[in-house]
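In: A structural model of the following input is requested.
(one chain, ligands or ions: 1)
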Amino acid sequence: MTIRKRLSTKQRALEILVRLKRLYPDAACTLNYQTPVQLLVATILSAQCTDERVNKVTPALFKRFPDALSLATADLEELQALVRSTGFYRNKAKNIKAACSMIEEKFGGKLPKRMEELLELPGVARKTANVVLANAFGINMGVTVDTHVKRLSQRLGLTEQTDPVRIERDLMLLLPQPDWENWSIRLIYHGRAVCTARNPTCYDCKLSDLCPSAQLK
Ligand code: SF4
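Out: Numbers count the residues shown, from 1 in each chain. The predicted structure follows:
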């Protein structure tokens, strides 16, 4: 019997976690930021955009508007121009300005550390809140489910769900809480390097014996 068939889904998830740690020992959030508010802004900008592109935009953005107060009072057109190349720039600029206004008015200029409060901020859903809580404050409140985590968790047979919130719920049941964020970061690395959306290189994948979708040609 193959290792995949011998192990339960939870055992497979834990073995995948061990291998991901071995494969990507230094994996870390790839967005550049200096403060929790800057990480929030960078994460909002990363929707439908690569971290690489966001990191090209944020130096000028944070030089001009370094904190919640300056972003809350920024001229909307100037803000739009600064974030334009990340796509959906009108919506992103509007949300950044509105979120920073709420941070100033309701939370005294500091990013809140509670999931429920973060979810009140315009443009912030669980994915953004999880990234910010884990990377800015070291709090694992959930599993970040982006397009890579969604695709790989499905291919690896760890969820049958398609909705990110339901996928997150499945993963939270399979993985130890302290590993929730590092799981996502490492799975994103694997999704970029090996298990890409169009051409997964299963023959070169160190998870292939654990993966029900492996196509070893
Ligand atoms: S074996 Fe193939 S489908 Fe499975 S995780 Fe690896 S690259 Fe992705």
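In: so what's the residue count around residue 141?
Out: By other C-beta atoms under 10 Å, the residues close to residue 141 number 20. All C-beta spots, glycine's among them, are computed from the backbone N, C-alpha and C.
In: ok, it - contacts?
Out: Shown in contact with residue 141 (C-beta atoms under 8 Å, 6 or more residues apart in numbering): 115, 129-130, 133-134, 180.
In: looking at the residues you listed, which is nearest the ligand?
Out: The closest of the contacts of residue 141 to the ligand turns out to be residue 180 (C-beta to the nearest ligand atom; 19.2 Å).
In: how far does stretch 27-44 stretch from start to finish?
Out: Distance between the two ends of stretch 27-44: 21 Å, counting by C-alpha to C-alpha, to the nearest Å.
In: returning to what we had before: so which of the contacts of residue 141 belong to helices?
Out: Counting by DSSP state H, these place 115, 129-130, 133-134, 180 in helices.
In: can I get these in TSV with distance to residue 95 and neighbour count?
Out: Below are the ones in helices among the contacts of residue 141 laid out as TSV (distance: C-beta to C-beta, whole Å; neighbours: other C-beta atoms under 10 Å):
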residue	distance to residue 95	neighbour count
115	18	16
129	13	23
130	17	25
133	18	24
134	21	21
180	25	19
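In: pLDDT added to those, as CSV?
Out: Putting the ones in helices among the contacts of residue 141 into CSV (pLDDT from 0 to 100) gives the following:
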residue, pLDDT
115, 96
129, 97
130, 96
133, 97
134, 96
180, 97
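In: any idea which helix or strand carries residue 185?
Out: helix 180-193 (DSSP states H and E).
In: same for that helix, what does it pack against?
Out: helix 9-23, helix 126-137, helix 147-155, helix 164-174 (3 or more C-beta pairs under 8 Å, 6 or more residues apart in numbering; DSSP states H and E).
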